[in-house]
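# Give me a 3D structure for the following:
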Amino acid sequence: MYREGRRARLLLDAAREAAAEAVGCRPDELVFTSSGTSAVHSGIAGALAGRRRAGHHLIVSAVEHSSVLHAAEVHQAGGGAVTEVAVDRTGAVSPSGYADALRPDTALACLQSANHEVGTVQPVAGVAEVCRAAGVPLLVDAAQSLGWGPVEGDWSLLAASAHKWGGPPGAGLLVVRKGVRFAPQGPRDERESGRAAGFENLPAIVAAAASLRAVRAEAAEEAVRLRELTERIRARVPRLVPDVEVVGDPERRLPGIVTFSCLYVDGETLLHELDRAGFSVSSGSSCTSSTLTPSHVLRAMGVLSEGNIRLSLPPGTRAEDVERFLSVLPEVVSGVREKLGAPVAAGPAPTEEKDEVLVVDALGRRCPIPVIELAKVIGDVPPGGTVRVLADDEAARLDIPAWCEMRGQEYVGEEPAERGTAYVVRRTG
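So this is what the prediction gives:
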């Protein structure tokens, strides 16, 4: 009740009102959390517990943020059921996919507003309509998109993280609409309606609300400018660098994210070389993780994972910075390919058609070596002949079919092998 306490409460209430206005909800529906991950975990656990009488079935998309997928794993380990909705090659779900996944015992559905890795914007409004008709609440992970505008549709719960819109780390928010059954999990806490335990980080909360309001004020104008820059990258990278696949939806995407994958490139080496040139980029490539497992997003999309580069252009990015990146990239990729011994050009094409099988032993060799070896020998078999690639790198299961699609070759499928897996490719011409 003392003066400093009353002043702190006024600041907290003002921040809540500002954030609620940006989200498009009532202030008493919004609580602040310690992070976006905490908001997701609390939201999923509370919604599932609140609807436990309806059932224990949870629906998620195959490209959700890891915080959602980890929460789904915990739910499944505790006896719940989980259905993953597939995405198309652009990384988007369809409302019909969620309609097909709904069951009488479905308690909750989750869908991101936009993908964190490739920027594809999801049809939240359509999915929310499907869920609403079935009486199932929809939780939206809006971390990636909230800085650009409110999430459309009749969703039920929403989670976001301040650092995604330029606010401080250590602050997130969770929205639970009125009428949604919700039972907070863990020991009861008297703060934030019992939905977010622990003392409120007031400086971070105030900064989060202020930064959200600030970026929203410039979002429309900045979105147009950044979209032009990312379209420039999407159009010019394939012309400047051979054998590149630009991924994600070309139209329904966030303004500042563009992602592409380069054949015959070690993703970790490529990131290091770009860092030396002054560019901080990230990747979903299997070559950049300690487990050498491809990004679950790229795997679900069925696109190339090797040499994957994700550019996130923050507000204020200059056109000259983009031009410098485009001038540096071809030489960097060429240098990495040369170090790895990647093929420069296709060999002479035999004209006689007959069924021949060539075996490539890439066992014990990591991406992108199995694909590089495949590319080297595909010209040595006649049209109709096959190449059998032996590999034990998990990334090969994704990258070899993706290579076939990019190069117009036929991916026959997998065959059992004494070690690893045999990936069979038929030369089409």
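
# What about Ala319, how many residues nearby?
11 (other Cβ atoms under 10 Å). The way it works is simple: take the backbone N, C-alpha and C, and place the C-beta from them, glycine included.

# if I look at the nearest residue to it once chain neighbours are set aside, how far off is Ser312?
Leaving out its chain neighbours, the residue that sits closest to Ala319 by Cβ to Cβ, 6 or more residues apart in numbering is Leu229, at 6.4 Å. According to Cβ to Cβ, to the nearest Å, Leu229 and Ser312 sit 12 Å apart.

# now do Tyr2
Using Cβ to Cβ, Tyr2 is found at 44 Å from Ser312.

# Please identify which of these two sits among more neighbours.
Using other Cβ under 10 Å as the criterion, Tyr2 and Ser312 rank with Ser312 on top: 18 against 7.

# and the more buried one, what are its phi and psi?
Ser312 adopts backbone torsions of phi -120, psi 110, taken as degrees, to the nearest 10.

# next one: the one 3 residues further on
Torsion angles at Pro315 (phi, psi; degrees, to the nearest 10) stand at phi -50, psi 140.

# so who does it touch?
Going by Cβ atoms under 8 Å, 6 or more residues apart in numbering, Pro315 touches 166, 215, 218, 222, 226, 256.

# Apply 10 Å and report the result again.
Counting by Cβ atoms under 10 Å, 6 or more residues apart in numbering, Pro315 touches 147, 165-166, 214-215, 218-219, 221-223, 225-226, 255-256.

# Isn't Pro382 up against Thr428?
No - in this structure Pro382 lies outside contact range of Thr428 using Cβ atoms under 10 Å: 11.1 Å.

# between the two, who's got more neighbours?
The neighbour comparison of Pro382 against Thr428 (other Cβ under 10 Å) goes to Pro382, with 16 against 12.

# Could you look up the SS state of that one?
The assignment at Pro382 comes out as coil when based on DSSP: H, G, I helix; E, B strand; the rest coil.

# so how far is Val357 from it?
11 Å.

# State the paired neighbours of the stretch of helix or strand Glu245 belongs to in the sheet, together with their directions.
Using DSSP states H and E, the element containing Glu245 is strand 244-247. Sheet pairing of strand 244-247 (DSSP bridges) gives strand 257-262 (antiparallel).

# For the helix or strand just after the strand it pairs with, buried residues please.
The first helix or strand that comes after strand 257-262 along the chain, using DSSP H and E, is helix 267-276. Across helix 267-276, burial judged by 16 or more other Cβ atoms under 10 Å covers 267-271, 273-274.

# Determine the set of other helices and strands touching helix 267-276.
strand 308-312, helix 319-340 (3 or more Cβ pairs under 10 Å, 6 or more residues apart in numbering; DSSP states H and E).

# Can you list the helices and strands that the helix or strand where Ala39 lies packs against?
Secondary structure assigned from DSSP H and E places Ala39 in helix 36-50. Under the contact criterion of 3+ Cβ pairs under 10 Å, 6+ apart, the helices and strands touching helix 36-50 comprise strand 30-33, strand 57-61, helix 66-77, strand 106-112, strand 138-141, strand 157-161, strand 172-176.

# So, low pLDDT: which residues of the stretch 201-350 of the chain?
For the stretch 201-350 of the chain, the stretches flagged by pLDDT under 70 are 286-292, 344-350.

# Around Glu415, count how many other residues there are.
For Glu415, using other Cβ under 10 Å, the count is 11.

# Kindly report the same for the one 10 residues further on.
Here the number of neighbours of Val425 (other Cβ under 10 Å) works out to 26.

# need the contact list for it.
By Cβ under 10 Å, 6+ apart, the contact set of Val425 is 358, 360, 374, 377-378, 381, 385-389, 400-401, 403-404, 407, 409-413.

# again, but for Leu58
With contacts defined as Cβ under 10 Å, 6+ apart, the neighbours of Leu58 are 44, 47-48, 68, 71-72, 75-76, 80-84, 101, 106-110, 139.

# Beta-bridge partners for it, please?
Counting by DSSP bridges, Leu58 is bridged to Val82, Leu108.

# Can you read off the pLDDT for it?
pLDDT, Leu58: 98.

# now it: how far from Gly167?
From Leu58 across to Gly167, the span is 29 Å (Cβ to Cβ).

# again, but for Ala300
For Ala300, the distance to Gly167 - Cβ to Cβ - is 29 Å.

# Put the buried members of the contacts of Leu58 into a ChimeraX selection.
Only the buried entries of the contacts of Leu58 go into this ChimeraX selection, using 16+ other Cβ under 10 Å:
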select :44,47,48,68,71,72,75,80,82,83,84,101,106,107,108,109,110,139
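
# circling back to that earlier point, show me which of the buried residues of helix 267-276 is closest to Val23.
Taking Cβ to Cβ as the measure, Val23 lies nearest Leu271 of the buried residues of helix 267-276, at 34.4 Å.

# pretty sure the closest one contacts Ser283?
Yes - look at Leu271 against Ser283 with Cβ under 10 Å: they come within range, at 5.8 Å.

# Common neighbours of these two, please.
Counting by Cβ under 10 Å, 6+ apart, the residues touching both Leu271 and Ser283 are 307-309.

# Highest neighbour count among the contacts of Pro315?
Top of the contacts of Pro315 by neighbour number is Gly147, holding 25 neighbours under the definition other Cβ under 10 Å.
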